[in-house]
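>>> A predicted structure for the sequence below; I have some questions about it.
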Amino acid sequence: MTEFLGYVRPDGSVGIRNYVLLLSGTLYANKICDYISGIVPNTISITHPLGRCQVRPDLRMTRRFLSNSGMNPNIAAVVVVDHFREEGCTAEDIAGDIQQATGKPVATVNIRGSGGFVNAMSQALHYAADYARMVSDFRREPVPVSKLLMGVECGTSDTTSGLASNPSTGICSDLVIAEGGRTIMAECTEWMGCEHWLTSRAETPEIAAQIVAGVQDIERRAMASGEDIRGSQPTGDNIVGGLTTIEEKSMGAVKKGGSAPIVGYLEIAERPTSAKPGLYLMYGPGHGGESLSSMAAAGCQVLVFNTGGGHTSAHPIMPTIKITGNAHSFELMKDTVELDVSGVLRGEFTIEASGQRVFDEVIATCNGRLTKSETFGDLNSFAIHRVGISI
């Protein structure tokens, strides 16, 4: 059985990174989180424009994304920074969610309660420095691949995506699942036209019904805007890359989920409650930042991102490995794309061999190899899904 070296957390989950997270509860705390993460080694910040003046369903969504991000196994300790008090999504609410679920250390800072920006900065800096020193004593230890929850994503797709990179990642997913691990595939916009192929793999009729309902709901929301989905899905760069309809895009996109049974259906940013090996589908849009963030919030330690045109997308707390089947895109974007699997299209190696290459890259990343985006600190893809209007 394949092993990797990870950080075993108090709740039994395993991290492949050992970050202290500066977690902003509201946009007014963003500056403090970003500033401190630039000072204290081994800290990372999550910032966003929300947390205020949201309708209740949206505020609950914001809390779910923030709290569940703090629960990710790659996070060893958390400092939550808040501005004042947004009932239902306070720093104390978020910290309580994280501590109750994981048992990891969490501190809270309130800018107003601390006596202003400067005092809050000092308080958060002390917490972050103390936590960073504490977690520096943590050591990696061998764990089986059954402890892995991997996300799969695609973006800036073209005709090579469905022929090379997505099928290669599907093979990798099957290899992870064969060793007792789990994979999450989101972006239900990109299941349109392929629902029956997915439902045929669903372990239960209930899961099959949820898959169909998820696609119908995302389509209903798109139509309610009063605009045609085309131009947003497929995107302009998809169309330049030769994908002219959402069904055409979907036929390639769903291949990244491999061929293993679909054993669960998750709402957006929902953490799986089952450790059962297999593929889990997650409701959500094709928007890359929201999709990546939802899978990180669900607890994915690593993500494979397939891209036809090349991409810079990478999540702050979930190492993001980028794969392309387009040799030209790899040459243009090799500073942020890890693997070129275009050899599949030239007959230089098989899809199975390509999938093994992706799997090997995943294991190396789990063992501590930095992704290209991590070496630049270009961790730009955090976004929270919106339900309604701001008020």
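Yes, it's here. Residues are numbered from 1 along each chain as shown.

>>> Report the contact partners of Asp11.
When contacts are counted by C-beta atoms under 8 Å, 6 or more residues apart in numbering, Asp11 is found next to Ala101, Thr102, Gly103, Lys104. Bear in mind the C-beta positions are built from the backbone N, C-alpha and C, glycine included.

>>> gap between it and Glu92?
Asp11 is 20 Å from Glu92, where distance means C-beta to C-beta, to the nearest Å.

>>> on that earlier part again, name the nearest of the contacts of Asp11 relative to Tyr28.
Minimum distance to Tyr28 across the contacts of Asp11 is 25.1 Å, recorded for Lys104 (C-beta to C-beta).

>>> can you confirm the closest one is in a strand?
No: under DSSP: H, G, I helix; E, B strand; the rest coil, Lys104 falls outside any strand and is assigned coil.

>>> From the contacts of Asp11, list the buried ones, please.
Thr102, Lys104 (16 or more other C-beta atoms under 10 Å).

>>> now the contacts of Asp11 in CSV, with distance to Gly115 and pLDDT?
As requested, the contacts of Asp11 are exported to CSV (distance: C-beta to C-beta, whole Å; pLDDT from 0 to 100):
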residue, distance to Gly115, pLDDT
Ala101, 31, 97
Thr102, 30, 97
Gly103, 31, 96
Lys104, 28, 97
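
>>> export the contacts of Asp11 to JSON lines and tack on distance to Gly343?
Shown next, in JSON lines, are the contacts of Asp11 (distance: C-beta to C-beta, whole Å):
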{"residue": "Ala101", "distance to Gly343": "43"}
{"residue": "Thr102", "distance to Gly343": "42"}
{"residue": "Gly103", "distance to Gly343": "46"}
{"residue": "Lys104", "distance to Gly343": "42"}
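
>>> quick one: which two of the contacts of Asp11 are the most distant?
Most distant of the contacts of Asp11, by C-beta to C-beta, are Ala101 and Lys104, 9.0 Å apart.

>>> thinking again about what came up before, just the contacts of Asp11 now: which is nearest Thr43?
Of all the contacts of Asp11, Thr43 sits closest to Lys104, with 14.4 Å by C-beta to C-beta.

>>> Could I get the buried residue list for stretch 357-368?
Across stretch 357-368, burial judged by 16+ other C-beta under 10 Å covers Arg357, Val358, Phe359, Glu361, Val362, Ile363, Thr365, Cys366.

>>> and the host helix or strand of the first one, what does it pack onto?
The reference is to Arg357. Using DSSP states H and E, Arg357 sits within helix 351-366. When contacts are defined as 3 or more C-beta pairs under 8 Å, 6 or more residues apart in numbering; DSSP states H and E, helix 351-366 packs onto strand 3-8, helix 166-178, strand 302-307, strand 320-324, strand 339-340.

>>> Now it: average pLDDT?
Across helix 351-366, the average pLDDT comes to 97.

>>> List the neighbours of that helix that are in contact with it.
Contacts for helix 351-366 (C-beta under 8 Å, 6+ apart): 2, 4-6, 16, 145, 148, 150, 164, 167-172, 174-176, 301-302, 304, 319, 321, 323, 338-339, 341, 343-344, 371.

>>> tell me the domain boundaries of the protein?
According to automatic domain parsing, the chain comprises the domains 19-135, 146-376.

>>> Which one of these lies nearest to Gly388?
Here domain 19-135 is closest among the domains of the chain (C-beta to C-beta), at 4.4 Å.

>>> Low-confidence stretches in the stretch 101-250 of the chain?
The stretch 101-250 of the chain contains residues with pLDDT under 70 at 227-250.

>>> Now do the strands in it.
106-110, 141-144, 149-155, 182-185 (DSSP state E, counting those that start in this stretch).

>>> helices and strands around the third one, which ones?
The contact analysis (3+ C-beta pairs under 8 Å, 6+ apart) places strand 149-155 against helix 166-178, strand 182-185, helix 288-298, strand 302-307.

>>> coming back round to it: okay if I get the domains of the chain as JSON lines plus distance to Gly388?
Shown next, in JSON lines, are the domains of the chain (distance: least, C-beta to C-beta, whole Å):
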{"stretch": "domain 19-135", "distance to Gly388": "4"}
{"stretch": "domain 146-376", "distance to Gly388": "11"}
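
>>> List just the one of these that sits closest to Ile384.
Across these, Ile384 has its closest neighbour in domain 19-135 (4.6 Å, C-beta to C-beta).

>>> quick one on the thing from earlier: looking at the domains of the chain, spot the one closest to Arg386.
domain 19-135 (6.1 Å).

>>> how long is that closest one from one end to the other?
Using C-alpha to C-alpha, to the nearest Å, the end-to-end distance of domain 19-135 comes to 8 Å.

>>> Please point out which parts of the helix or strand hosting Asp97 sit buried.
Here Asp97, judged by DSSP H and E, is contained in helix 91-102. By neighbour count on 16+ other C-beta under 10 Å, the buried set for helix 91-102 is Ala91, Asp93, Ile94, Ala95, Asp97, Ile98, Thr102.

>>> hang on, the last one packs against Leu21?
This points to Thr102. No: in this structure, Thr102 is not within contact of Leu21 by C-beta atoms under 8 Å, at 11.8 Å.

>>> Contacts only, for Thr102.
Here Thr102 is in contact with Arg9, Pro10, Asp11, Ser13, Met71 (C-beta under 8 Å, 6+ apart).

>>> about what we covered before: need the CA coordinates for the helix holding Asp97. PDB is fine.
Extracted in PDB, the C-alpha atoms of helix 91-102 (Å, rounded to 0.1, in the frame of the first residue of the first chain):
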ATOM      1  CA  ALA A  91     -15.100  35.300  15.300                       C
ATOM      2  CA  GLU A  92     -16.300  33.300  18.400                       C
ATOM      3  CA  ASP A  93     -18.900  31.400  16.200                       C
ATOM      4  CA  ILE A  94     -16.200  30.500  13.700                       C
ATOM      5  CA  ALA A  95     -13.600  29.500  16.300                       C
ATOM      6  CA  GLY A  96     -16.200  27.400  18.100                       C
ATOM      7  CA  ASP A  97     -17.100  25.600  14.900                       C
ATOM      8  CA  ILE A  98     -13.400  24.800  14.300                       C
ATOM      9  CA  GLN A  99     -12.500  23.800  17.800                       C
ATOM     10  CA  GLN A 100     -15.600  21.600  18.300                       C
ATOM     11  CA  ALA A 101     -14.900  19.700  15.000                       C
ATOM     12  CA  THR A 102     -11.100  19.300  15.200                       C
END
